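Sequence first, predicted coordinates after that:
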Amino acid sequence: MATHWFIRHGDFADTLRIAEKLLKDKEDLIHKAVGWMLREVGKRDVAVLEEFLIEHCRVMPRTMLRYAIERFSEEKRLGYLTGKAAVRVNAWFLYLLRCADGSLYTGITNNVPRRCKQHNAGTASRYTRSRLPVELIYQESHASRSIALKRELAIKAMSRQEKESLIQLER
């Protein structure tokens, strides 16, 4: 409940950190509250919610998970409840990183948190390895790898000013 104002204003980081810390909480009311807040995140950016669920659905308390996925289609809900969605959700993400030197890096992945950790560990890209740390500043969800690759190409063709405008539209 304490992060609802931030969620309404597009800032999900604290909510996701708190949700991650409460995954092992024993109280059912906490599970309901966290599931509700995750659902609120999903109302504003389903890609962010799905990233969190892909990583955590197998260890989430069932009540928390059910509240979080309440607005999904029956097929998608079943995927998360059985844990099959954690293996592969048909989502690919285009992402932009801001490097320590201020430059922008564009890439695609099917798991943004994992890829960002790889970038910051210096194991994802030669370009970002020498410009650490990097910060995730933008992402889009796409139905397939092919669509994400085409969008990546289009964004790489943009000027820096156009990329900055795109980033600002999301904030």
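Okay, I see it. If you're wondering where the values come from, they're calculated on a predicted model, not measured in any experiment.

So what would you say the end-to-end distance of stretch 15-29 is?
End-to-end distance of stretch 15-29 (CA to CA, to the nearest Å): 16 Å.

Pull out the buried residues from it.
T15, L16, A19, L22 (16 or more other CB atoms under 10 Å). (Glycine included, C-beta is placed from N, CA and C.)

which other residues reach stretch 92-104?
With contact meaning CB atoms under 8 Å, 6 or more residues apart in numbering, stretch 92-104 is reached by 47, 51, 105-110, 112, 115-116, 119, 128, 131-145, 147-148, 151-152, 155, 160, 163, 166-167.

Now, those that are in strands?
Of these, the ones assigned to strands by DSSP state E are 105-109, 135-142.

Show me the two of those residues that sit farthest apart.
E135 and H142 (21.6 Å; CB to CB).

which residues of the protein score low on pLDDT?
By pLDDT under 70, the weakly predicted segments of the chain are 1, 84-90, 170-171.

Scan it for its longest helix.
Secondary structure of the chain read by DSSP state H shows that its longest helix is helix 28-44.

Which parts of this protein are helices?
Residue ranges of the helices in the chain, as given by DSSP H, are 4-8, 13-21, 28-44, 46-56, 62-68, 74-82, 84-87, 112-121, 126-129, 145-156, 160-170.

Pretty sure R66 is one of the things D28 touches, is it not?
No. Using CB atoms under 8 Å, D28 makes no contact with R66, being 11.5 Å away.
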